[in-house]
Each structure stands twice: as structure tokens, then as C-alpha cells.
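A.B. asks: Any chance you can model this:
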Amino acid sequence: MKRSFYLFNPGIMERKDNTLKYTPVKIDDDGTEHTQPPRYIPIEDVSEMYVFGSLRANSALYNFLGQKNIPVHFFDYYENYTGSFMPRDGLLSGRALLAQAKAYQSKKKRTQLASKFIQGAAWNMVMNLNYYHRRGKDLGPTIDDIKALAKTLPSAADVEEVMGIEGNIRKLYYAAFDVILDDFKMGARTKQPPENEVNALISFGNMMCYTETLRAIHQTQLNPTISFLHTPGERRYSLCLDISEIFKPIIVDRVIFKVLNKHALGPQHFDHKLNSCLLNQKGKLIYVKAMEDRYNETFRHRSLGRNVSYKHLIKLECYKLLKDILGIEEYKPFKMYW
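C.D. replies: Next up, the predicted model:
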């Protein structure tokens, strides 16, 4: 079974026949490098790679990864996403590209799709809050306030109004984290860099959701640079931001609540430097494992009548959006129903 590989340490990667040879490199304080015993990874086991440390590789390796349709995602010291190596688009469609651009250029259509992304996100946020409200957390007023704001989304006049409503919803939602979490406090949302443990997990988890969405989009005929809620910009895959809004509550946030309230992560798993707080290597391993477990978790899909994983669910969402853009079927965002 294919799986994601995460590289947290500096190293050298090269092709060795039909295998990936990864040689970790330990660097002393004086800059002296010491190579560690290599690790061999069968290419058939790899779905994608996440690189957090310095990686040395050559064009032969990337040619090999491209042939095998394996993307590589890169992140900086603060765990911010910096870019991806994506294999050549094999599902290019001029018709889909023109339809997607046309939908963006239509103010009415763009606003409708932007509104639906946030309707789905708000619903899933409320479902999260309901889950903990039923377990004794006093979240009733917050739930009512979010529902009231969500009801105004269908009548929003433009994307700017949708974004304003979304900002108010998310402010209420994040304020509820301090009620849900037992031993940690979030306070205000901070990023680049995050200033406390909860913000560090949100940033890291959202980044993982963003790159997983990018991979799902790449497996369809959608163009990741043409978005509807977020403004398309230079050198960013803004459609990933749109679609991941729906899944951050049910994937990222659920994992955060679980690993903190069940004490899988504690203060010892974070490094505090100046005004930043980041997961240390042991913390990253625990959090990544929890995220991967969530991606691979399955549930009974009402429409399909079969079990699907959360990872596959993101891909299904991309196909639903594509059908709407092509005029086949109206897009309805995924809404958690349990």
C-alpha cells in the first residue's frame, strides 16, 4: 500500500535502480557533515514526499519521481509551505480550463461557489462544536451565533462579503477552542510564526491539508491556480485554499482536539524560541502519524453507499466542483452528518 513519506532531517536522495536511496546527514555545530547508514525505499511504496530538512538531489531523481507520478512538497524552518515538485499534468483539458476561468470571471458564479465553500466549512465547524457540547462543554451560544452568520451566506452580494462573514465565523469558532481543550489555551490566532502550541498545530495541520488537497486537484482536470473564494495570485495554488476550508474542521481540528485532550502531545513536544512555538521532531512524528490515521480512516458515504477514506473524500470533492463548472451537476459541499 502506498503511503506518504516525511523527511525531517537533512539528507541526500538518489535513484538506485527502481528504489529510492536516502542517506541522512548529521551536521555538527562547526558545520562538519557525517553521513548515516542509507535507507532504501521501494518506489512502489511512495505516494508523495514531504521535505522539512535540507535535501540534496539531482535531476535524475526528479525525472524518476515524475515518471512515477510522485509529488514532493517542501517546507521552511518554520514549517511554512514553500512549494512543490509536481509531475507533468496527465489530465489536461482545455474545455475544463476554459470553463473554470469562465466561472471565475462571472461575479455571480464565483460568489455562489465561494459561499458554498464557507457554508460547508461552517456546517462542519458546528458539527465539531455539537460533538463537544453534547459532552458537557458549554458551546450553545457559539453554535447559535455561527448558525446565524451561516444563514446570511446565500444572500452575500460578492466574494468580499463572503470573506467577511467567514472571518466572523472563524473568530467565533477559534474562541471555542479554549473551551474544548482541557490543558492548552489558543488565545488569538497567530501564524508565521505561531506563538503557542495550539496555533502551531493549526498551522502545521492546515499545511498538511493544503498539500493533500493539491494532490487531489492534480488527479482531476481542475487547475489549482484558478480559485473562487481566495483571490488567485502569483505562485500559489489558491484553489487548494478554497477546497481545504471544508476539510480543516473535520480533519485537522478533530486531530488537534484528540492529540491534546488525550495527551498524545504535551509541552515537551514543542520548542519555544523568541515569539515562536514549533513542534520538535518527536512532536512532528506523533502529529503526522495522527493526521495520516485520520486521512486513512473510513466511513459509510451516504451517496455512494460504500466506505471511503477522508483522503479519498477530498478527491471526490474536486470531482463535484468540476462537474458544476462543466454544467453537469450543481455543486454541494460535503457536510458531516454524524
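A.B. asks: Might you list the low-confidence residue ranges for the stretch 101-250 of the chain?
C.D. replies: 234-235 (pLDDT under 70).
A.B. asks: Could you measure from Pro71 over to Phe85?
C.D. replies: 6 Å (Cβ to Cβ, to the nearest Å). All C-beta spots, glycine's among them, are computed from the backbone N, C-alpha and C.
A.B. asks: same deal with Asp253?
C.D. replies: 29 Å.
A.B. asks: from what I can see Lys335 touches Ala122, true?
C.D. replies: No. With contact defined as Cβ atoms under 8 Å, Lys335 does not reach Ala122; the gap is 9.6 Å.
A.B. asks: More neighbours: which of those two?
C.D. replies: Neighbour totals were compared for Lys335 and Ala122, and Ala122 leads with 27 against 15 (other Cβ atoms under 10 Å).
A.B. asks: quick check: domain ranges of this structure?
C.D. replies: Under automatic domain parsing, the residue ranges defining each domain of the chain are 3-70, 94-325.
A.B. asks: Report the rounded mean pLDDT for the shortest one.
C.D. replies: So the one you mean is domain 3-70. On average, the pLDDT along domain 3-70 is 91.
A.B. asks: now the end-to-end length of that domain.
C.D. replies: 11 Å (Cα to Cα, to the nearest Å).
A.B. asks: re the thing from before, can you lay out the domains of the chain as TSV showing distance to Tyr331?
C.D. replies: Converted to TSV, the domains of the chain look like this (distance: least, Cβ to Cβ, whole Å):
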stretch	distance to Tyr331
domain 3-70	26
domain 94-325	4
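A.B. asks: Give me the number of neighbouring residues for the spatially closest residue to Ile41 that is not a sequence neighbour.
C.D. replies: Nearest residue to Ile41, sequence neighbours excluded (Cβ to Cβ, 6 or more residues apart in numbering): Leu20, at 4.3 Å. By the measure other Cβ under 10 Å, the count of residues near Leu20 is 24.
A.B. asks: Tell me the buried residues in the helix or strand hosting Leu20?
C.D. replies: Leu20 is part of strand 19-27 when elements are defined by DSSP states H and E. Using 16 or more other Cβ atoms under 10 Å as the test for burial, strand 19-27 gives 20, 22, 24-25.
A.B. asks: Stretch 324-338 too?
C.D. replies: 324-325, 331, 333-334, 336.
A.B. asks: Would you format the residues you listed as JSON lines with secondary structure, pLDDT and distance to Gln281 included?
C.D. replies: Output for the buried residues of stretch 324-338, formatted as JSON lines (DSSP: H, G, I helix; E, B strand; the rest coil; pLDDT from 0 to 100; distance: Cβ to Cβ, whole Å):
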{"residue": "Asp324", "secondary structure": "helix", "pLDDT": "97", "distance to Gln281": "42"}
{"residue": "Ile325", "secondary structure": "helix", "pLDDT": "96", "distance to Gln281": "42"}
{"residue": "Tyr331", "secondary structure": "coil", "pLDDT": "97", "distance to Gln281": "40"}
{"residue": "Pro333", "secondary structure": "coil", "pLDDT": "97", "distance to Gln281": "36"}
{"residue": "Phe334", "secondary structure": "coil", "pLDDT": "96", "distance to Gln281": "34"}
{"residue": "Met336", "secondary structure": "coil", "pLDDT": "92", "distance to Gln281": "33"}
